[in-house]
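K.L.:
for reference, the sequence and a predicted model appear below.
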Amino acid sequence: MNSLTKIVPNVKKYSDYLFDINKGKTPIMLSGLTDTGKVHMAYSTKFYTDKPICIITYNELQAKKIKKDFSFFDDHVRIFPKRDVANFDYIAESKDVLHERISNLNDIMENKVPIIITTIEAVTQKMIPKKDLYKNLITIKIGDEVSIDKLKEILVSLRI
């Protein structure tokens, strides 16, 4: 694993690529890589730049395949799933995906997740704006004493 990553900076094109990334030059287009080569390139980029990586692919099956390929290099990879849309029955909709999306967003905000894999559909789905999501954050920890009346007051004031 590390021996593969250590070879890459010796390639001139790759060192130019790293230079561009570190200078903030974006977007950068890469082509001609195999699926495995893409994963190696993304991991090496993370390894040498310590910048977060977001891989956007065409469907969830491909996202899961990329995550599996990443397990050779790193286990700290997350999939940002698309939201299940069930217009006919909101109550039947699974909340697991919603919780996973919010958990991933929180970890991204706190720089806890180095590599995110997602789909075009997932990134194009409408979401609550970041400023609105985080301004309405209430933190209650185990052992905290909270007045129910005060909590009700806060929750009612958060209604949109």
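P.N.:
Right, received. Where do you want to start? Worth saying up front: this structure is predicted, and the values here are computed from it rather than measured. Numbers count the residues shown, from 1 in each chain.

K.L.:
which residues does the most centrally placed residue in the chain contact?
P.N.:
For the chain, Ile116 is the residue whose C-alpha lies nearest the centre (Cα atoms, centre = their mean; 3.4 Å). Applying Cβ atoms under 8 Å, 6 or more residues apart in numbering, one finds that Ile116 lies in contact with Pro52, Ile53, Cys54, Ile55, Val77, Arg78, Ile79, Phe80, Asn104, Ile108. For glycine as for every other residue, the C-beta is placed from the backbone atoms N, C-alpha and C.

K.L.:
please redo it, this time with the cut-off set to 10 Å
P.N.:
Taking Cβ atoms under 10 Å, 6 or more residues apart in numbering, we find Ile116 in contact with 52-56, 63, 77-80, 104-105, 107-108, 122-123.

K.L.:
same check on Met109?
P.N.:
Contacts of Met109 by Cβ under 10 Å, 6+ apart are Lys130, Leu133, Tyr134.

K.L.:
which residues does the second one contact?
P.N.:
By Cβ under 10 Å, 6+ apart, the contact set of Leu133 is Ile102, Leu105, Asn106, Met109, Met127.

K.L.:
what kind of secondary structure is the last one in?
P.N.:
Three states are possible here, and by DSSP: H, G, I helix; E, B strand; the rest coil the one that applies to Met127 is coil.

K.L.:
that one: neighbour count?
P.N.:
Per other Cβ atoms under 10 Å, the neighbour tally for Met127 reads 14.

K.L.:
my guess is it meets Arg101, correct?
P.N.:
Yes: the criterion here is Cβ atoms under 10 Å, and Met127 meets it with Arg101 at 7.9 Å.

K.L.:
shared neighbours, the two?
P.N.:
Arg83.

K.L.:
the chain: strands as residue ranges?
P.N.:
Applying DSSP state E to the chain gives strands spanning 53-57, 77-80, 115-119.

K.L.:
in the protein, what spans have low per-residue confidence?
P.N.:
The model of the chain has pLDDT under 70 over residues 1-5, 85-93, 159-160.

K.L.:
what ranges does it have for its helices?
P.N.:
All helices of the chain, identified by DSSP state H, fall at 2-7, 12-22, 35-49, 60-70, 96-109, 120-124, 130-135, 148-157.

K.L.:
out of these, nearest to Ile28?
P.N.:
Comparing the helices of the chain by their distance to Ile28 (Cβ to Cβ), the top pick is helix 12-22, with 5.9 Å.

K.L.:
the closest one packs against which elements?
P.N.:
Where contact means 3 or more Cβ pairs under 10 Å, 6 or more residues apart in numbering; DSSP states H and E, helix 12-22 is packed against helix 35-49.

K.L.:
no more questions from me, cheers.
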